[in-house]
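Undergrad: no letters, just coordinates:
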C-alpha cells in the first residue's frame, strides 16, 4: 500500500527539522563532557530538564491528553524508560573512557540490535540480506573501535569504554523496540514518561556537588532542554512527513557532527581503519533501511542459470 502524498512544502520543512535535530543531537557528547559531571548525574539532569520541557510542550499542544488512562502505554513506557535511562548512563560512561567520536560510532550499532531482537524475541521476519548487512556493520563496529590500539596496548579503561558503549547499544535497541510496540500513535507521550522515569530512577544517585553555582548549569540545562526536549520534538514532528529512506540517510548527520566536534574541540582524529569501519556501518545501515540486496538482481539471475 502506498503512503499518502505529502505536500512538497511540508516535506521540505520536515527535512529541515530533521536535519536540525540531527545536528543538535550530534553535540550531546560535548555537553556531557563540558558539564564536568559523572554519567549518572549528567543523565539525571538530562531527564529532569528534558521532562520539564516535554511536559510543558505536551500540555500546551495537547499531546499528553488522556495519558493517565492509557495503562498499557504507561506500563510499556515505564519499562522501556528504565532501559533508555540505563542506555544513556552506559553511553556517557563509554564516552568518558574512550572518546566522544569512537563511542558514537560504536553506539550506532543499535539499529541492528533492534533487528536482531525483533527476529529472536518477537519472531519478526527478516530478509536474509539484512543479516548480511548486519554482519557487515558489525565488522564496521570492530573497525571503528580502533582494534590496532587494542592490539598495541591492552588499555583496560578504553576496552571498558567500548564494552559500555556496546551495552548502551543493546539497551537502546531493546528500549526502542519496546517503545515502538507501545507508542506507535503517541511517541511524544512515551518519551515524556521515559524522562520522568529517569528522574525517579537517578535522583538519589546524582552527585550533590552539582548543586553549587557554576557554568556547568548551562550545559546541564542544555542537555535536557536541547537533547531530550527540542530534539525529540523535531524528530517526532518530522518523521511522519518523510520516507524511511530519507530518515535513514539523514541519520548519519549525527555521527558526522560528533566526529567533527570531537576533532575540532578535543583533537581526537580517526585513523584509516576507523574511517573504514564507519563506512561499513553506514553501508550496512543503508542496506537494511533501503532494502538493498547483497547480490544484485541481475547477478543472482546469472548465477541461477549458470
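TA: Nice, I can see it. Computed from a prediction, not measured in an experiment: that's the story for all the values here.
Undergrad: can you give me the buried ones in stretch 231-241?
TA: 231, 232, 233, 234, 235, 236, 237, 238, 239, 241 (16 or more other CB atoms under 10 Å). For every residue, glycine as well, the C-beta is placed using N, CA and C.
Undergrad: just the element for residue 170, please.
TA: Using DSSP states H and E, the element containing residue 170 is helix 156-182.
Undergrad: check the offset of the helix or strand following that helix from the chain's centre.
TA: Elements were assigned by DSSP H and E; along the chain past helix 156-182, the next helix or strand is helix 187-202. What separates the centre of helix 187-202 from the centre of its chain is 16 Å, taken as CA atoms, centre = their mean, to the nearest Å.
Undergrad: can you give me the buried ones in helix 187-202?
TA: Neighbour counts over helix 187-202 (16+ other CB under 10 Å) mark 187-199, 201-202 as buried.
Undergrad: just give me the least confident of those residues.
TA: Of all these, residue 187 carries the smallest pLDDT score, 87.
Undergrad: what's the local residue count around residue 160?
TA: Neighbour count of residue 160, defined by other CB atoms under 10 Å: 15.
Undergrad: leaving out chain neighbours, which residue sits closest to it?
TA: Leaving out its chain neighbours, the residue that sits closest to residue 160 by CB to CB, 6 or more residues apart in numbering is residue 97, at 5.5 Å.
Undergrad: tell me the SS of residue 63?
TA: Following DSSP: H, G, I helix; E, B strand; the rest coil, the label given to residue 63 is coil.
Undergrad: now the closest residue to it other than its chain neighbours: how far from residue 195?
TA: Leaving aside its chain neighbours, residue 63 sits nearest to residue 188 (4.5 Å; criterion: CB to CB, 6+ apart). Distance of residue 188 to residue 195, given as CB to CB, to the nearest Å: 11 Å.
Undergrad: what do those two both touch?
TA: residue 54 (CB atoms under 8 Å, 6 or more residues apart in numbering).
Undergrad: next up, the contacts around residue 186.
TA: Residue 186 makes contact with 63, 67, 70, 73 under the criterion CB under 8 Å, 6+ apart.
Undergrad: reformat the residues you listed as TSV; add pLDDT, distance to residue 136 and secondary structure.
TA: Below are these laid out as TSV (pLDDT from 0 to 100; distance: CB to CB, whole Å; DSSP: H, G, I helix; E, B strand; the rest coil):
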residue	pLDDT	distance to residue 136	secondary structure
63	89	38	coil
67	87	41	helix
70	89	40	coil
73	90	36	helix
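Undergrad: restricted to buried residues, select those in ChimeraX.
TA: Selecting only the buried entries of these in ChimeraX, with 16+ other CB under 10 Å as the criterion:
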select :63,67,70,73
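Undergrad: from residue 254, how far out is residue 80?
TA: In terms of CB to CB, residue 80 sits 21 Å off from residue 254.
Undergrad: compare these two (neighbour count), which wins?
TA: A side-by-side neighbour count of residue 80 and residue 254, using other CB under 10 Å, places residue 80 first with 26 against 21.
Undergrad: residues touching the more buried one, list them.
TA: Residue 80 is in contact with 174, 175, 176, 178, 179, 182, 190, 194, counting by CB under 8 Å, 6+ apart.
Undergrad: in three-state terms, label it for me.
TA: Per three-state DSSP, the secondary structure class of residue 80 is helix.
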